[in-house]
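Chemist: my questions are about this predicted structure, shown below with the sequence.
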Amino acid sequence: MANERLRDAMLRNGLVPAAIAESLGVDPKTVERWITQDRMPYPKHRHAIAAMVRESATYLWPNALSAERSAEVSKSEVVQIYPRRGAVPVELWQRLLDQSSGQIGLLAYAGLFLPEQNPRWVETLRMKAAGGAKVEILLGDPDSAHVAQRGADEGIGDAMASKVHNVLAFYKELRGEDNASIYFHDTTLYNSIYRFDDEMLVNTHLFGTPAAYAPVLHLRRLPGGEIFDNYVSSFNRVLSHSRAVWPED
């Protein structure tokens, strides 16, 4: 049985078996067997190939690790747990953004606190997009029932929809940047997700509690871990059902 994930990832990155073989110092026929027969490379080769094709090793070889080992690695993906979002150091948000170079994703109902607490936030996002990073910001549709319900649950009524409009006023500076996209989603969020390449802050949601007072997980992706990639998958599912705020751009 062929490894179609590996084959597709190689094609997308313009790689042929001979090029991978030369880079790893193995026989091209060995690479062919990894693809056509789904043979399992050594761990060092799996990690090297994953870096070449810009995919996780667990995506390319989902059966490489036992369930016990995967659970052990996943626990190590948790860098820190904060009892509430307000306990996350302000400088950590900016440091994670400053260090990002490839993928920046923000999923929230509003996330107004970010540009409000940091005057450099939006300009840094714009510079990252201009430098080639992919910036995707998913905000709750202010006219959606889910945003209205979240406002009601927190006891702030229409203020939640107003927060979305307020944060959008900050992000208008990103309009026209080829690599920056802003979307409205109509989704019940169980977490707000803030991704910076292979690190992430996940703000859990508690019923009737403002997000600022709910716990935050600081995650860092590890080969073989599942937690980080599960949140990435959740982000992508919301993205797939979202609409562009400025579709004419």
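Modeler: Okay, I see it.
Chemist: what about the residue lying closest to Leu206 once chain neighbours are set aside, distance to Gly131?
Modeler: Excluding its sequence neighbours, the residue lying closest to Leu206 (CB to CB, 6 or more residues apart in numbering) is Ala214, at 4.7 Å. For every residue, glycine as well, the C-beta is placed using N, CA and C. With distances taken as CB to CB, to the nearest Å, Ala214 is found 32 Å from Gly131.
Chemist: what of Glu199?
Modeler: 18 Å.
Chemist: just the pLDDT for His165.
Modeler: Among the per-residue scores, His165 shows a pLDDT of 92.
Chemist: that one sits in which helix or strand?
Modeler: helix 159-171 (DSSP states H and E).
Chemist: the helix or strand that that helix is followed by to helix 159-171, inter-axis angle?
Modeler: Note on helix 159-171: by DSSP H and E, the next helix or strand toward the C-terminus is strand 180-185. Counting by axes from the mean of the first three to the mean of the last three CA atoms, to 10 degrees, strand 180-185 lies at 170 degrees to helix 159-171.
Chemist: which strands and helices sit next to strand 180-185?
Modeler: helix 121-130, strand 134-140, helix 227-240, strand 243-244 (3 or more CB pairs under 8 Å, 6 or more residues apart in numbering; DSSP states H and E).
Chemist: what is the mean pLDDT for the helix or strand following it?
Modeler: Counting by DSSP H and E, the next helix or strand C-terminal to strand 180-185 is strand 191-196. The pLDDT scores in strand 191-196 average 96.
Chemist: packing partners for strand 191-196?
Modeler: helix 90-99, strand 103-107, strand 199-204, helix 227-240.
Chemist: so which of these comes closest to Ala180?
Modeler: Nearest to Ala180, of all the helices and strands packed on strand 191-196, is strand 103-107, at 8.9 Å by CB to CB.
Chemist: rewinding a little: measure the residue nearest to Leu206 to Gly25 for me?
Modeler: Noted for Ala214: a distance of 49 Å to Gly25, by CB to CB.
Chemist: who's more crowded, these two?
Modeler: Ala214 (19 against 7; other CB atoms under 10 Å).
Chemist: distance check, the more buried one against Gly111.
Modeler: From Ala214 to Gly111 the distance is 13 Å (CB to CB).
Chemist: what does Ala148 give?
Modeler: 18 Å.
Chemist: which of the two has more residues huddled nearby?
Modeler: Gly111 (24 against 16).
Chemist: need the three-state assignment for that one.
Modeler: Assigned with DSSP: H, G, I helix; E, B strand; the rest coil, Gly111 falls in the coil class.
Chemist: looking at it, it is touching Val167, isn't it?
Modeler: Yes: the pair Gly111 / Val167 is scored as a contact, 6.2 Å apart, by CB atoms under 8 Å.
Chemist: overlap in contacts of those two?
Modeler: Listed contacts common to Gly111 and Val167 are Leu139; contacts here mean CB atoms under 8 Å, 6 or more residues apart in numbering.
Chemist: looks like Pro115 contacts Trp121 (just checking).
Modeler: Yes: the pair Pro115 and Trp121 qualifies as a contact (CB under 8 Å) at a distance of 4.7 Å.
Chemist: what do these two both touch?
Modeler: Phe170.
Chemist: okay, now Trp93: neighbour count?
Modeler: Using other CB under 10 Å, Trp93 has 18 neighbouring residues.
Chemist: show me what contacts it?
Modeler: Contacts of Trp93 (CB under 8 Å, 6+ apart): 114, 118, 121, 194, 201.
Chemist: quick check, pLDDT for it.
Modeler: 96.
Chemist: gap between it and Lys172?
Modeler: Applying CB to CB, one obtains 21 Å for the distance of Trp93 from Lys172.
Chemist: of all the helices and strands packed on strand 180-185, which one is nearest Thr187?
Modeler: Between these, helix 227-240 lies closest to Thr187; by CB to CB that is 5.1 Å.
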